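**Student:** Starting from these lines, generate the structure:
(one chain, ligands or ions: 1)
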Amino acid sequence: MRHLLSAADLSLDEAVLILDTAEAMAATQGRAIKKLPTLRGQTVVNLFFEDSTRTRISFEAAAKRLSADVINFSAKGSSVSKGESLKDTALTLQAMGIDGVVIRHHDSGAPHRLAHAGWIDVPVLNAGDGTHQHPTQALLDAFTMRRHLTTGQDAPAPDGSSLGGASVVIVGDVLHSRVARSNVQLLHTLGATVTIVAPPTLLPVGMESWPCRVSYDLDAALAEARPDAVMMLRVQRERMSSAGGGFFPSPQEYHRRYGLDGARLRRLPAHAIVMHPGPMNRGLEISADAADSPRSTIVQQVANGVSVRMAVLYLLLAGGEKTTGGIS
Ligand code: NCD
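**Tutor:** Below you'll find the predicted structure:
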């Protein structure tokens, strides 16, 4: 594996290797000194053409904890706002001698182009492209699920475990969600059964080819799937033409039919966890009591994201070899 562009590119063995490596990384993060010397002397560029809070900070923390130098580039305030192309930006970075690129871009396929156009010659990590893919989000979600499913809490999962037999329900704005796409593919690879729930207007065309079940009825789907994990998706209003864009009648109606509220929370199996990639619209796709309940893993997902991104950076930039002073 040279790049991480899509969750669909990962085999079962590769996915489990990343999750196991992330556990090894997590084990080092409780120490007083969290920094490992693994990527000392390497430079990672965070190339963010689209807004981000947690993903950018998480990649930055991950690279720094591996002792890489990090350059943060955001399109705002750069020559991109003067019309500079992705190609010229890439050639500039290559000329500066970088060792890896983390890219978030509003266009689906931009990371793939960066990896394969021949402009740069370093690993490319997709941190979210348009409505297409967000593989590290799917990996951190799988990491969080694997921990809870194998230990009943956010504690280290045994090496080699998959998500075989797990039932996961993903709810909401699937149409605009790279998180849903990436999760469906990775969860399928890891052996989980996935049910997607959304209003018909928020489902993409061509869903028949996705390896999951589809339902328009949240209560029926929760009763039938008996989920181990329920993942709520953000209603992505910035990708809709106007406030609701005609995708649903009103926020109240959306919440009533597709929101996770206290009543639905109480009907879930006792061990089921509640997930959300953030940022949340509280009161729309998830109520405050669901978001803040003891079953919510939303904050754990953020913490686990750093370990997962450390693992991916390590495997791609250090070649997976245990360099001197690497993870041990
Ligand atoms: C997601 C994203 O940007 O795709 N957020 C994230 O990375 N934490 C999901 C979202 O924006 O709704």
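**Student:** Do you know the pLDDT at Gln94?
**Tutor:** pLDDT recorded at Gln94 is 90.
**Student:** Residue numbering should commence at 37 henceforth.
**Tutor:** Sure thing, new numbering starts at 37, so read that last one as Gln130.
**Student:** Burial check on it, number of neighbours?
**Tutor:** Number of residues near Gln130 (other Cβ atoms under 10 Å) recorded here: 14. Backbone N, C-alpha and C define where each C-beta goes, glycine included.
**Student:** Show me which residues of the stretch 87-236 of the chain sit near the ligand.
**Tutor:** 90-91, 164, 170, 173, 214-215 (Cβ under 6 Å from any ligand atom).
**Student:** mind listing what the residue of the stretch 237-364 of the chain at minimum distance from the ligand touches?
**Tutor:** In the stretch 237-364 of the chain, the residue that lies nearest the ligand is Arg270 (3.3 Å; Cβ to the nearest ligand atom). Each residue near Arg270 by Cβ atoms under 8 Å, 6 or more residues apart in numbering is listed here: 208-209, 213, 312-317, 321.
**Student:** And the helices in the stretch 187-336 of the chain?
**Tutor:** Assigned by DSSP state H, counting those that start in this stretch, the helices in the stretch 187-336 of the chain fall at 214-225, 254-261, 287-294, 298-303, 324-327, 334-353.
**Student:** possible to save these as TSV with mean neighbour count?
**Tutor:** Listed next are those as TSV, based on neighbours: other Cβ atoms under 10 Å:
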stretch	mean neighbour count
helix 214-225	25
helix 254-261	17
helix 287-294	17
helix 298-303	13
helix 324-327	18
helix 334-353	23
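**Student:** which one of those lies closest to Asp190?
**Tutor:** Asp190 lies closest to helix 334-353 among the helices of the stretch 187-336 of the chain, at 4.6 Å (Cβ to Cβ).
**Student:** Which of the residues of the stretch 87-236 of the chain next to the ligand are buried? Put it as a PyMOL command.
**Tutor:** Listed next is the PyMOL selection for buried residues among those, using 16 or more other Cβ atoms under 10 Å:
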select buried, resi 91+164+170+173+214+215
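**Student:** export the residues of the stretch 87-236 of the chain next to the ligand to a markdown table and tack on pLDDT and secondary structure?
**Tutor:** Formatted as a markdown table, those follow (pLDDT from 0 to 100; DSSP: H, G, I helix; E, B strand; the rest coil):
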| residue | pLDDT | secondary structure |
| --- | --- | --- |
| Arg90 | 93 | helix |
| Thr91 | 97 | helix |
| Gly164 | 98 | strand |
| His170 | 98 | coil |
| Gln173 | 98 | helix |
| Arg214 | 98 | helix |
| Val215 | 98 | helix |
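**Student:** Greatest separation within the residues of the stretch 87-236 of the chain next to the ligand: which pair is it?
**Tutor:** Longest span within those, Cβ to Cβ: Arg90 and Arg214, 14.5 Å.
**Student:** follow-up on the earlier one: can you add distance to Gln78 and give the residues of the stretch 87-236 of the chain next to the ligand back as JSON lines?
**Tutor:** What follows is those, written out as JSON lines (distance: Cβ to Cβ, whole Å):
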{"residue": "Arg90", "distance to Gln78": "23"}
{"residue": "Thr91", "distance to Gln78": "20"}
{"residue": "Gly164", "distance to Gln78": "23"}
{"residue": "His170", "distance to Gln78": "24"}
{"residue": "Gln173", "distance to Gln78": "24"}
{"residue": "Arg214", "distance to Gln78": "27"}
{"residue": "Val215", "distance to Gln78": "28"}
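**Student:** In strands only, show me the contacts of Arg270.
**Tutor:** Residues of the contacts of Arg270 located in strands (DSSP state E): none.
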